[in-house]
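In: Just a sequence and a predicted model for now, questions to come.
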Amino acid sequence: MGKIKGIRKTGKCIRCGECCEDKIFLDISFLSEYRQNFQRKIVKALHSEQMEQLAIITEDGKCVFLRADNSCAIYPNRPDICRMFGIPGFLECPKVDSHGQLRSEEGSQEVHSRNCDHSKHSKRYENWLNKETKRRAHEYIAKHGVKDNNIGLTQKRDQTGRSK
């Protein structure tokens, strides 16, 4: 997982687990690699047609890697989106401010709204996200070939151009 260079987190995590409740898509290979770290029962998996990714839905709607004490079972290897939580101007913690103080209910709602407003992301974040998206797209195409628009399936091709 990559780091966003030059960006520091501020504040203190209180392990409320709120940042681990949103549905996110993760690479299938990543999920397979860390399957032994699943902490919750899976009820549904949503597949992304554009990339080889799944969003895992658990019984309680929390991240499949979130432990009962709200710590992360894969913290050193957590996805980039998880690494961005707590970074002011990117994905701020809705519960705790950058000084470690609990936010009011109004303050939490305001931060949640800001986090969902992607038009306000900084140029640095946009550049990083664009670079990461392009990198993943190139990896996907190299691994899987091209998308066949007639049937909507991604097909691997052999050296002669035939579908595998």
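Out: Cool, got the structure.
In: right, and residue 12 touches residue 95 too?
Out: No - the criterion here is CB atoms under 8 Å, and residue 12 misses it with residue 95 at 10.4 Å. C-beta here means a position set from N, CA and C on the backbone, and glycine is covered the same way.
In: Those two: who's more crowded?
Out: Neighbours were counted for residue 12 and for residue 95 using other CB atoms under 10 Å; residue 95 has more, 18 against 14.
In: In contact with that one: list those residues for me.
Out: If you count contacts by CB atoms under 8 Å, 6 or more residues apart in numbering, residue 95 has them with 14, 16, 18, 102, 103, 108.
In: what's the closest of those residues to residue 64?
Out: Here the nearest of those to residue 64, counting by CB to CB, is residue 18; it sits at 16.2 Å.
In: where does that closest one land on pLDDT?
Out: Reading off the confidence values, residue 18 has pLDDT 82.
In: separation between it and residue 52?
Out: Using CB to CB, to the nearest Å, we find residue 18 at a distance of 29 Å from residue 52.
In: What of residue 68?
Out: 30 Å.
In: Settle it for me: which of those two has more neighbours?
Out: residue 52 (18 against 8).
In: Can you name the residues that contact the residue nearest to residue 58 when sequence neighbours are not counted?
Out: Among residues not flanking residue 58 along the chain, residue 40 sits closest, at 4.0 Å (CB to CB, 6 or more residues apart in numbering). When contacts are counted by CB under 8 Å, 6+ apart, residue 40 touches 58, 59, 60, 62, 63, 64, 66.
In: can you confirm residue 40 is in a strand?
Out: No - assignment of residue 40 by DSSP: H, G, I helix; E, B strand; the rest coil gives coil, placing it outside any strand.
In: Identify the residue nearest residue 71 in space, chain neighbours excluded?
Out: Using CB to CB, 6+ apart and skipping the chain neighbours, the partner closest in space to residue 71 is residue 15 (6.3 Å).
In: How many neighbouring residues does that neighbour have?
Out: Neighbours of residue 15 under the rule other CB under 10 Å: 15.
In: Thank you, goodbye.
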